[in-house]
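In: build me a structure from this.
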Amino acid sequence: QVQLVESGGGLVQAGGSLRLACATSTRTFNSYHMSWFRQAPGKEREFVAQISWSGSSTYYGDSVKGRFTISKDNAKNTVYLQMNSLKPEDTAVYYCAADSNWGRGSSNDVRYWGQGTQVTVSS
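Out: This is a model prediction of the structure:
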């Protein structure tokens with residue numbers, strides 16, 4: 001059974017930073033592109049960022065470009081999402097995902113989901 005375990009969510013003031021982490025198995029880590037999505041109350045799930053299985057390429061949603069950075073640590077089988085200059089509109093549950101397609105940003109391509117971690121940005 002594939003597991004994606006997120007951590008690092010919390011409450012932060014606008015303008016602050018948080019780093020999310022997603023740990024998984026070596027097989028999953030090396031077989032899939034890894035993505036982050038988010039879902040705010042009453043809204044559809046939104047693509048945030050993706051990193052290729054090799055770690056050589058990244059891809060971001062327009063709303064987070066220049067503020068968020070996705071990275072991976074091969075030794076720890078962990079993907080990170082560094083979130084800077086946070087805004088109240090970034091408030092959502094953030095989900096880690098193992099993604100079978102590159103560069104589409106579609107939740108339909110996700111093979112496995114994490115359980116989600118809450119990020120709340122206060123104004």
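In: only C-alpha atoms for contact and neighbour calcs from this point on.
Out: OK.
In: kindly export stretch 112-123 (C-alpha atoms) in CSV.
Out: Output of stretch 112-123 as CSV, limited to C-alpha atoms (Å, rounded to 0.1, in the frame of the first residue of the first chain):
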residue,chain,number,x,y,z
TYR,A,112,-1.9,8.4,-4.9
TRP,A,113,-2.9,11.1,-2.4
GLY,A,114,-1.6,12.0,1.0
GLN,A,115,-4.1,12.7,3.9
GLY,A,116,-3.6,16.5,3.7
THR,A,117,-2.2,19.1,6.1
GLN,A,118,-4.0,22.3,7.0
VAL,A,119,-2.3,25.6,6.3
THR,A,120,-4.0,28.7,7.7
VAL,A,121,-2.7,32.2,7.0
SER,A,122,-4.1,35.0,9.1
SER,A,123,-4.4,38.6,8.0
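In: gap between it and the chain center?
Out: The chain centre lies 9 Å from the centre of stretch 112-123; the measure is CA atoms, centre = their mean, to the nearest Å.
In: buried residues in it?
Out: By 16 or more other CA atoms under 10 Å, the buried positions in stretch 112-123 come out as 112-114, 116-122.
In: same thing with stretch 99-111?
Out: For stretch 99-111, a neighbour-count test (16+ other CA under 10 Å) marks 99-102, 105, 107, 110 as buried.
In: next structured bit after the worst-scoring helix or strand of the chain on mean pLDDT?
Out: Lowest by mean pLDDT, DSSP states H and E among the helices and strands of the chain is helix 26-31, with a mean of 90. Sequence order places strand 33-39 as the next helix or strand after helix 26-31, per DSSP states H and E.
In: done for today, thanks.
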